[in-house]
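Asker: I'll drop the sequence and a predicted model, then ask my questions.
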Amino acid sequence: YITTLYHFRCDEEIISDIQPSSVGHLTFFPCGKGHMHFRDGRADPNPPIALVTPLSDAAPIIVDGPFHSIGAALTPLGWAALTGLHAGEYGNRIIQAGDVLGAEIVALGERLIAGYIDGSVSGQEFALDVASYIGRKAKPINPRHADLIGIVNTWLGSSFNPDVADLMDRAAYSERQVQRVVERYFGLPPKDIARKYRALRAAALLSGELQRDLGIMTARSSMK
């Protein structure tokens, strides 16, 4: 259900950055107020206890710091099992988590945020409690849909530029059903998912090359 648990902090006074297209997140903001800006011109604020729905496009963020964020990035299966929301219909926004998940997440979030601020809860403890909550609250989804999600994940990892026709050959659904189910869980039709994940992999590769180059530069500087 979870790809990553994270504890992010930046103590700059103003943070201006880009959130890449991504899976959905259950995330908490103990510090920092700002907005995420979307392609259609909307700018959603970040509530302290939030769901960041699956993003189909990169979204600029501007935050008055210091800015701390703790949470979980959810797989398409995890997003559906936890929220029940259609990833396409509810994509590209930040919403109050309590509006979807109810009073329990609000109570948990308020307790963890208070403990984090007073120092009695570490970022790691916070994130692990969030993971435990997800494990308790996630609901089973249609087994055939879960199988298709697995097929899509395998297909996405099969090539840097996977062929949609290959996905259709693997899936035990009609092309129309594949389009409908994939958009429900991933937020985009297969062709656009392939483009999105290709861009994310390219960014990860470039980031790795940059880190390697910076390491080489640092080593050379140290040798001097």
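Answerer: Everything's here; your move.

Asker: alpha carbons only for contacts and neighbour counts from here, please
Answerer: OK.

Asker: only alpha carbons, please: show stretch 107-124 as CSV.
Answerer: Written as CSV, here are the backbone C-alpha positions of stretch 107-124 (Å, rounded to 0.1, in the frame of the first residue of the first chain):
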residue,chain,number,x,y,z
ALA,A,107,-7.6,12.9,16.2
LEU,A,108,-4.5,10.9,15.2
GLY,A,109,-3.0,13.8,13.3
GLU,A,110,-3.6,16.3,16.0
ARG,A,111,-2.0,14.1,18.6
LEU,A,112,1.0,13.3,16.4
ILE,A,113,1.5,17.0,15.4
ALA,A,114,1.3,18.1,19.0
GLY,A,115,3.9,15.5,20.0
TYR,A,116,6.2,16.4,17.1
ILE,A,117,6.1,20.1,18.0
ASP,A,118,6.8,19.5,21.7
GLY,A,119,9.6,17.0,20.9
SER,A,120,7.9,13.9,22.4
VAL,A,121,7.3,12.3,19.0
SER,A,122,10.1,11.9,16.5
GLY,A,123,9.7,12.2,12.7
GLN,A,124,10.3,8.4,12.4
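
Asker: contact partners of it?
Answerer: For stretch 107-124, the surrounding residues in contact (Cα atoms under 8 Å, 6 or more residues apart in numbering) are His7, Phe28, Phe29, Pro30, Ile49, Ile70, Phe126.

Asker: my guess is the first one meets Phe67, correct?
Answerer: The reference is to His7. No - judged on Cα atoms under 8 Å, His7 makes no contact with Phe67 at a distance of 10.8 Å.

Asker: comparing these two, which shows the higher neighbour count?
Answerer: A count of neighbours by other Cα atoms under 10 Å puts Phe67 above the other of His7 and Phe67, at 20 against 17.

Asker: the more buried one - that's part of a strand, no?
Answerer: Yes - assigned with DSSP: H, G, I helix; E, B strand; the rest coil, Phe67 falls within a strand.

Asker: could you list everything it pairs with in the sheet?
Answerer: Cys10 (DSSP bridges).

Asker: surely it and Cys10 touch.
Answerer: Yes - in this structure, Phe67 is within contact of Cys10 by Cα under 8 Å, at 5.2 Å.

Asker: for Gln193, what are its contacts?
Answerer: Not quite, residue 193 is Ile, not Gln. By Cα under 8 Å, 6+ apart, the residues touching Ile193 are Phe186.

Asker: on the three-state scheme, Thr3 is what?
Answerer: Applying three-state DSSP: Thr3 is strand.

Asker: now, which of the contacts of stretch 107-124 lie within strands?
Answerer: Counted as lying in strands by DSSP state E, out of those, are His7, Phe28, Phe29, Pro30, Ile49, Ile70.

Asker: tell me how many other residues crowd the fifth one.
Answerer: A total of 24 residues lie near Ile49 under the criterion other Cα under 10 Å.

Asker: which strand residues bridge it?
Answerer: Judged by DSSP bridges, the bridge partners of Ile49 are Phe28.

Asker: that one and Thr27 touch, don't they?
Answerer: Yes - counting by Cα under 8 Å, Ile49 touches Thr27, with 6.4 Å between them.
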